[in-house]
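Engineer: Show me how the following folds:
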Amino acid sequence: MTPTTRVARPRPGITAVFCVALLLGTISIGGTPLASAQDHEHQAAAQAGPVASITVEQWREDLHSYAAQMRATHLDLFNSMSEEEFEAALADLEARLPELERHEIIVELGRITAMVDDGHTTLWLTPNAQNGFHQVPILLYWLQDGLYVLGIEKQHAAVVGGKVIRIGDVDVEEAMARVAPLVPRDNEMGVLAMAPRYLEIPEILHALRISDSLDGATYVVETRTGDEVTAKLAAIPDAWLSNLGSRPYVIPADGDRVEMVYGRGAPERPQPMYLSDPGNRFWYEWLDDSRTLYVQLNAIQNKDDESMESFFDRVFQVADTRPIDRLVIDLRFNGGGNNFNNFPVIRGIVRRHQIDEPGKLFVITSRHTFSAAGHLVTYLERQTDVIFVGEPTGASPNHYGDAGLVELPNSGLRARASEIYWQNSLPSRFDSRDWTPPQISAPLSINDYLNGRDPALEAILAYAAEPPIKDQMLAALDNGGPEAAKATFQRYVSDPTHEFVNVEGVMNTLGYELLGESRVDAAIVVFELNAETYAGSANVFDSLGDGYRARGDTEAAISSYRKALEVDPDFGPSRDNLRELLGQ
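Structural biologist: Model prediction:
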């Protein structure tokens, strides 16, 4: 499962609403970290416990209350789905209430909540005091090369570090596809962050027909030695859950109700720096050999004994007094916090030219970089010369947040609905990205994880500046012609570190710039390379048609426009161009 950006969706320009609410003091500041949001739900209902059974009529009342509260609480509930889709989903669930078990109703309500397509609008299906769901003793994570077991009950220690092939009788890809629509998210990275967690919960597996039991789950794993092993795990008591660890890399603290083993637990394995203290909200280390100042910022929150502002004062003092070659801020575990804690960080960086220049400032991001941490990423992208390394963020550059409570009267279930729209990037007309991509892709493989490697930091320390692909292509066209341009292009796109660079868009723009300079043949070379590489895009064939048309090759232009319409029958520019060329 390779994450892909979904079709861009419109976002409202409602910054003024946020400003008024802020002045009136009616909002919480910043977003809530994903892990903290779940912890809050555990703590808030610790005394209540789940409501074991209510009538169909009571469930019907809850659905009506849910619909009314979501409409009243969410700032723009229908920004991504239609009102008709929302009503139809609720009506379908209401009609099926008599035939569904309690856990199935909760899972379906989670599915409807996730339709809002907003990572802060949630009905968490992780075990909590309201839903009464359970957990099996396994820790799963989607790495570069699949779904892996990072921890498990000790009796199944042989499968630690192994790749999950099936859950029950369902292939792992299909299991991920079934659980994905349940996940509250801004983008597909949010699905990769949470879907493995949902695959550890028997009630979800049963509701999705991945498992036929509510008492446990079965995982078929290809071990490190190549054997295929089946691990049957029983559900464990609720009280154990909080000790499992909220982040996939963190080995839980004392208090396991079952004895566990973890892939990172073997003392003979080297402990990489990024895993040395991920539970600490912020800390730094000076790496003398590489003259690198490494800062791990795991929450946009103050500590009890130190504010983020004071901490970064100390960080910048080090940067001011040592011969620094680079500053690295690691946000890969950061689920957010108080957005306004970000501003001293930005001010401190932009005031220091020894840091804020190309090749000096690096930020590590991941699927867990969310909420207020996503805000920090957006501020840095707009105001500094930062280079992002790692994975795309779990947050969109502009996104909804600051969720208000939606509590159902009979079941006691608690959802959250976003009340604020944060427009920290350009207005959505100009920036409708689902995530902020890294310039340098550095995914984590199972071998990296088990052997204590940090590909993100390694990529930073090995970084050597290269010209943008546009400049490389122009130089190749000018000095070597079409063949040199093709070789340059292929070399660039085959480099895995460029995985999230928008090469298609850059090349498309370059092609039209060349057309504007009357370099038609060079433009066609660029357009053809784009069409060969991104054949699933209607736009590349439309642009290629424009190139052929500029050269006077009407037959080739018509063929290319028709190809664009094969990819997307509703692609207007190609349809209009064809009508014009065919005289229709």
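
Engineer: Please identify the buried residues of the helix or strand containing Asp542?
Structural biologist: Asp542 is located in helix 538-551, with elements delineated by DSSP states H and E. When burial is assessed from 16 or more other Cβ atoms under 10 Å, helix 538-551 yields the following buried residues: 538-550. Glycine gets a C-beta too; all of them are placed from N, C-alpha and C.

Engineer: likewise stretch 214-226?
Structural biologist: Going by 16+ other Cβ under 10 Å, stretch 214-226 has these buried residues: 214, 216-222, 224.

Engineer: Can you pick out the ones from those residues that are in strands?
Structural biologist: When DSSP state E is applied, the buried residues of stretch 214-226 are split such that 216-222 fall in strands.

Engineer: ok, Gly162 touching Gly226?
Structural biologist: No - in terms of Cβ atoms under 8 Å, Gly162 does not count as a neighbour of Gly226; the distance is 9.7 Å.

Engineer: For Ile446, see how far away Arg579 is.
Structural biologist: When Cβ to Cβ, to the nearest Å is the yardstick, Arg579 and Ile446 sit 53 Å from each other.

Engineer: nope, Tyr148 is what I meant
Structural biologist: Distance of Tyr148 to Ile446, given as Cβ to Cβ: 5 Å.

Engineer: low-scoring pLDDT stretches of the stretch 1-150 of the chain, where are they?
Structural biologist: 1-49 (pLDDT under 70).

Engineer: ditto for the stretch 151-300 of the chain
Structural biologist: Filtered on pLDDT under 70, the stretch 151-300 of the chain yields the residue ranges 237-257, 265-270.

Engineer: So which residues of it form strands?
Structural biologist: For the stretch 151-300 of the chain, the strands identified by DSSP state E, counting those that start in this stretch occupy 163-167, 170-171, 216-222, 228-234, 260-262, 282-287, 292-297, in order along the chain.

Engineer: quick one: contacts of the last one?
Structural biologist: Residues external to strand 292-297 that are found in contact with it (Cβ atoms under 8 Å, 6 or more residues apart in numbering): 273-274, 277-278, 280-287, 308, 315, 318-319, 322, 324-331, 333-334, 373, 457, 460-461.

Engineer: Out of these, which end up buried?
Structural biologist: Among the contacts of strand 292-297, those classed as buried by 16+ other Cβ under 10 Å are 274, 278, 281-284, 308, 315, 319, 324, 326-331, 333-334, 373, 457, 460-461.

Engineer: Could you pick out which of the residues you listed are located in helices?
Structural biologist: 308, 315, 319, 373, 457, 460-461 (DSSP state H).

Engineer: I'd like these laid out as TSV, including distance to Phe500 and pLDDT.
Structural biologist: Supplementary listing: those in TSV, determined by distance: Cβ to Cβ, whole Å; pLDDT from 0 to 100:
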residue	distance to Phe500	pLDDT
Met308	28	98
Val315	28	98
Ala319	28	97
Ala373	18	97
Leu457	18	98
Ile460	16	98
Leu461	20	97
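
Engineer: From those, pick the one nearest Ala72.
Structural biologist: Comparing these against Ala72 with Cβ to Cβ places Ala373 closest, at 28.9 Å.

Engineer: So that closest one sits against Phe333, correct?
Structural biologist: No - under the criterion of Cβ under 8 Å, Ala373 lies out of contact with Phe333, with a separation of 9.0 Å.

Engineer: Dump the strands of the stretch 151-300 of the chain into TSV; add distance to Phe489 as well.
Structural biologist: Rendered in TSV, the data for these read as follows (distance: least, Cβ to Cβ, whole Å):
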stretch	distance to Phe489
strand 163-167	34
strand 170-171	36
strand 216-222	37
strand 228-234	42
strand 260-262	43
strand 282-287	36
strand 292-297	33
